[in-house]
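**Q** Could you look at this predicted model? Sequence included:
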Amino acid sequence: GAVVSQHPSRVICKSGTSVKIECRSLDFQATTMFWYRQFPKQSLMLMATSNEGSKATYEQGVEKDKFLINHASLTLSTLTVASAHPEDSSFYICSARLRDRGIANYGYTFGSGTRLTVV
Amino acid sequence: AQKITQTQPGMFVQEKEAVTLDCTYDTSDPSYGLFWYKQPSSGEMIFLIYQGSYDQQNATEGRYSLNFQKARKSANLVISASQLGDSAMYFCAMREGVGSSNTGKLIFGQGTTLQVKP
């Protein structure tokens, strides 16, 4: 149980286009979704925290107009990279916080990640 | 502010040997949680082990054990009987605080790349 489905797993887009990444909780309700960005061989850096039905909270230095997060329901959160540029190329991964941490992994489950390449 | 530090960018271990991956943390909250994750080249985050700040005993999960030294603020991961499939990047993470200000976000260390030699 407690599976987060993240799509797409890999995307290549042209500079200036927008890309949407979806994270869907399949068998539980995700009250909170965290979005991380990871450059090769580096740590996961938290970009923003989204709670269902409210505006996302962005970490310092993250452009909210470029990284648009929507958490419209308890089972779906999306990250849209607006007008993507080559420097936005990275690995993006979501993590859902479970209401009941006893379900799995002490309350956190991760999507499988999206590798974005902007050319 | 909470902080997690992994000082070993890369580690090598011989197959079937044990290896310790270091992790230190800093927090002023009395209640916190510490996690270890494995990230293979595919990118998925695989949960390995959890230690709560109030847990009296060190956590163990199969070949994984956590050497929790609260006074020293360290939470080292010990992998026993290393296997070739253990080659991956390993991250230590801490859950932020408690109470009304608890966002529950995980803060990650820099990671350690482990290579198991045959």
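**A** Looks like it came in fine.
**Q** rest of the way, CA atoms for contacts and neighbours
**A** Will do.
**Q** Extract the residue ranges of the chain that are flagged as low pLDDT.
**A** Defaulting to chain A. Applying pLDDT under 70 to chain A flags residues A:99-104.
**Q** wait, chain B
**A** Counting by pLDDT under 70, chain B contains low-confidence residues at B:1, B:97-102.
**Q** List the contacts of residue A:23.
**A** With contacts taken as CA atoms under 8 Å, 6 or more residues apart in numbering or on different chains, residue A:23 has the following neighbours: A:4, A:5, A:6, A:7, A:76, A:77, A:78, A:94, A:111.
**Q** how about it, secondary structure?
**A** Three-state secondary structure (criterion: DSSP: H, G, I helix; E, B strand; the rest coil) places residue A:23 in strand.
**Q** Please tell me how far the nearest residue in space to it that is not next to it in sequence sits from residue A:24.
**A** Distance criterion CA to CA, 6 or more residues apart in numbering or on different chains; nearest residue to residue A:23, sequence neighbours excluded, is residue A:6 at 4.4 Å. With distances defined as CA to CA, to the nearest Å, the gap from residue A:6 to residue A:24 amounts to 6 Å.
**Q** give me the number of residues near residue 5?
**A** Let's take chain A. If you count neighbours by other CA atoms under 10 Å in any protein chain shown, residue A:5 ends up with 18.
**Q** Let me rephrase: I mean chain B.
**A** Taking other CA under 10 Å as the criterion, the count of residues near residue B:5 is 18.
**Q** so who does it touch?
**A** By CA under 8 Å, 6+ apart, the contact list for residue B:5 reads B:23, B:24, B:25, B:109, B:110.
**Q** could the contacts of residue A:23 go into CSV alongside secondary structure?
**A** Below are the contacts of residue A:23 laid out as CSV (three-state DSSP):
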residue, secondary structure
A:4, strand
A:5, strand
A:6, strand
A:7, strand
A:76, strand
A:77, strand
A:78, strand
A:94, strand
A:111, coil
